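Visitor: pasting a predicted model and its sequence here:
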Amino acid sequence: MNRAQHVPYVLEQDEDGIWCASAQLRPGVGAVGDGSTAEAAAADLREALIALIEEVGFSPEAAVTVDVA
């Protein structure tokens, strides 16, 4: 079974040129990522969100996609 959760995120570049990405999985539970490019920051955030979901589980409001073969 595949599960998918779409999480909106904010992407910003700081004064030193580092890209920062942040997202809230649910109220009070979020993750951040950073990198030298916007793509690297988004990829780092994705890894952080995967680890967070493994730790705290999917959001109760998450859309679930089920593939049945």
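Guide: Nice, thanks for sending it over.
Visitor: you'd agree Asp14 is up against Val32?
Guide: No - taking contacts as Cβ atoms under 8 Å, Asp14 lies outside contact range of Val32: 12.0 Å. (Each C-beta comes from the backbone N, C-alpha and C, glycine too.)
Visitor: neighbour count: the two, which is higher?
Guide: Val32 (15 against 9; other Cβ atoms under 10 Å).
Visitor: so which strand or helix has the closest residue to the more buried one other than its chain neighbours?
Guide: Leaving aside its sequence neighbours, Val32 sits nearest to Ser22 (Cβ to Cβ, 6 or more residues apart in numbering; 4.7 Å). In this assignment (DSSP states H and E), Ser22 forms part of strand 19-26.
Visitor: immediately after that strand, which helix or strand?
Guide: Next element after strand 19-26 (DSSP H and E): strand 29-35.
Visitor: give the residues shared as contacts by Asp14 and Val32.
Guide: Cys20 (Cβ atoms under 8 Å, 6 or more residues apart in numbering).
Visitor: let me see the mean pLDDT of stretch 12-19.
Guide: Stretch 12-19 carries an average pLDDT of 96.
Visitor: buried residues, that stretch. List them.
Guide: For stretch 12-19, the neighbour count (16 or more other Cβ atoms under 10 Å) marks Trp19 as buried.
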